[in-house]
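Novice: Have a look; sequence and predicted model below, questions after that.
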Amino acid sequence: AKSTSAIPAETSARAQTLRAEIQEHNYRYYALDEPRIPDAAYDRLMRELQDLEAEYPELVTPDSPTQRVGQTPLSAFATVTHELPMLSLDNAFGEDDLIAFDRRVRDRLQDDATIEYACEPKLDGIAVSLLYRDGLLVRGATRGDGTQGEDITQNVRTIDSIPLKLRGSGYPRVLEVRGEIYMPKAGFEALNEKAREKGDKLFVNPRNAAAGSLRQLDARITATRPLEMCAYSVGYVEDGEVPAKHSETLEAFRDWGLKINREMRVVQGADACIEYYQQLGERRAQLDYDIDGIVFKVNRRDLQDELGFVARAPRWAIAYKFPAQEEMTQLLDVEFQV
Ligand SMILES: CC(C)(C)c1nc(N2CCN(c3ncccn3)CC2)c2cc(C(N)=O)c(N)nc2n1
């Protein structure tokens with residue numbers, strides 16, 4: 001192969017500019033939900049970079065947007081041991097459980113002051129861990145049993161809303177981002193329409209479709225599936241800081257190019273949590289993705305640390321699920337599908 005010195009300086013500079021421009025467009029499109037250029041212009045940038053890298057393979061970098069789809073299927077997934085266990089969530093089954101949760105939090109903190117909560121829709125997908133070293137995505141893993149999961153790095157790299165390189169600066173040298181990979185409703189319908197036409201098996205719901213897409217040993221199949229990821233928590237951190245509040249950490253994630261859910265709100269006290277639950281419950285059918293409830297989290301991380309967790313379920317967070325009417329409908333759909 002030609003030595004790197006054989007690459008004209010302006011070619012190497014052009015490739016670097018293209019990578020930065022494409023990353024910025026991804027940030028606007030996925031993290032800010034506001035694309036700035038039409039798809040055709042975006043595709044032209046990608047094609048120019050692909051042509052440059054085809055002519056000068058030494059130009060390829062691991063974070064290049066052309067390096068998203070692994071060409072070699074795996075024979076099996078390796079096992080990953082999470083640096084910090086991925087916790088589970090207690091459930092609330094009614095407003096009283098939410099009031100009781102808030103009461104327990106305040107009693108345990110021995111402080112009757114109103115607690116600030118972060119409220120997030122509980123996306124109905126697959127929990128994953130993304131590990132970034134010096135801003136580069138080096139590992140993706142499923143939650144698994146909370147202690148160990150499967151290494152699905154090749155598959156998560158195919159998901160456009162997951163940055164291969166964090167944007168900007170100020171992020172810790174080692175940063176673990178936890179989030180939920182899900183399939184939006186429209187993508188799920190389109191996937192099942194294609195499956196019907198090809199006489200393939202149908203997926204029962206978007207969560208199963210996302211799980212099946214992540215379980216592919218051949219990342220080229222995963223790359224064809226309409227998957228997205230929303231970050232929902234920080235995990236292991238080394239050499240750096242994340243903000244003192246959970247909501248501010250999610251905003252930092254957005255600045256670093258990660259997608260967070262736009263419905264996330266910060267509220268004061270249990271009654272405001274119930275209002276949030278009710279208003280989102282009314283809009284559930286209109287959301288672009290399936291949710292099975294709301295996750296309420298004590299927003300200050302120093303209070304989270306003080307509250308800790310019991311048997312891996314944090315004392316500082318609770319999931320409040322909606323009635324399961326949706327699942328039953330889907331089950332009936334499949335059973336009476338002709
Ligand atoms: C950081 C904590 C532990 C509070 C936390 N844990 C979550 N989960 C744990 C249980 N999980 C789980 N998964 C499979 C089996 C058992 N538990 C699935 C993720 C969260 C899931 C979502 C979501 N889905 O949108 C979310 N917005 N925030 C979360 N926050």
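Specialist: Arrived safely.

Novice: Around the ligand, pick out the residues from the stretch 51-200 of the chain.
Specialist: Neighbours of the ligand within the stretch 51-200 of the chain, by Cβ under 6 Å from any ligand atom: Leu87, Ser88, Leu89, Glu120, Lys122, Leu123, Ala127, Arg143, Glu180. Any C-beta I mention is one placed from the backbone N, CA and C, and that applies to glycine too.

Novice: For the stretch 201-338 of the chain, what lies in contact range of the ligand?
Specialist: Residues of the stretch 201-338 of the chain lying near the ligand (Cβ under 6 Å from any ligand atom): Tyr232, Ser233, Val295, Lys297, Pro314, Ala317.

Novice: now those as a markdown table including neighbour count and pLDDT?
Specialist: Formatted as a markdown table, those follow (neighbours: other Cβ atoms under 10 Å; pLDDT from 0 to 100):
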| residue | neighbour count | pLDDT |
| --- | --- | --- |
| Tyr232 | 23 | 98 |
| Ser233 | 22 | 98 |
| Val295 | 20 | 98 |
| Lys297 | 24 | 98 |
| Pro314 | 17 | 91 |
| Ala317 | 24 | 95 |
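
Novice: Please flag which of those sit within strands.
Specialist: Tyr232, Ser233, Val295, Lys297, Pro314, Ala317 (DSSP state E).

Novice: ok, now which ones touch the second one?
Specialist: Shown in contact with Ser233 (Cβ atoms under 8 Å, 6 or more residues apart in numbering): Val177, Arg178, Gly179, His246, Thr249.

Novice: same thing but at 10 Å, please
Specialist: Residues counted as contacts of Ser233 (Cβ atoms under 10 Å, 6 or more residues apart in numbering) are 86-87, 118, 120, 127, 129, 176-180, 246, 249-250, 253, 295, 297, 317.

Novice: how far away is it from Tyr56?
Specialist: Going from Ser233 to Tyr56 by Cβ to Cβ, to the nearest Å gives 40 Å.

Novice: again, but for the last one
Specialist: Shown here: Ala317 relative to Tyr56, a distance of 49 Å by Cβ to Cβ.

Novice: residue ranges for the strands of the stretch 151-300 of the chain, please.
Specialist: Remark: strands assigned in the stretch 151-300 of the chain by DSSP state E, counting those that start in this stretch are 174-182, 228-238, 265-268, 291-298.

Novice: Now render these as JSON lines, adding distance to Ser64.
Specialist: Putting those into JSON lines (distance: least, Cβ to Cβ, whole Å) gives the following:
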{"stretch": "strand 174-182", "distance to Ser64": "21"}
{"stretch": "strand 228-238", "distance to Ser64": "20"}
{"stretch": "strand 265-268", "distance to Ser64": "36"}
{"stretch": "strand 291-298", "distance to Ser64": "34"}
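
Novice: Please tell me I have it right and Val128 contacts Ala211.
Specialist: No - Val128 is not in contact with Ala211 according to Cβ atoms under 10 Å; the separation is 11.0 Å.

Novice: Need the residues touching each of the two.
Specialist: In contact with both Val128 and Ala211: Thr142, Ile181, using Cβ under 10 Å, 6+ apart.

Novice: Name the residue in these two with the higher neighbour count.
Specialist: Val128 (26 against 16; other Cβ atoms under 10 Å).

Novice: so after the host helix or strand of the more buried one, what's the next helix or strand?
Specialist: Here Val128 sits within strand 126-133, counting by DSSP states H and E. Where DSSP H and E defines the elements, the next helix or strand beyond strand 126-133 is strand 136-142.

Novice: If we go by neighbour counts, what in that next one is buried?
Specialist: Leu137, Arg139, Gly140, Ala141, Thr142 (16 or more other Cβ atoms under 10 Å).

Novice: Alright, calling it a day.
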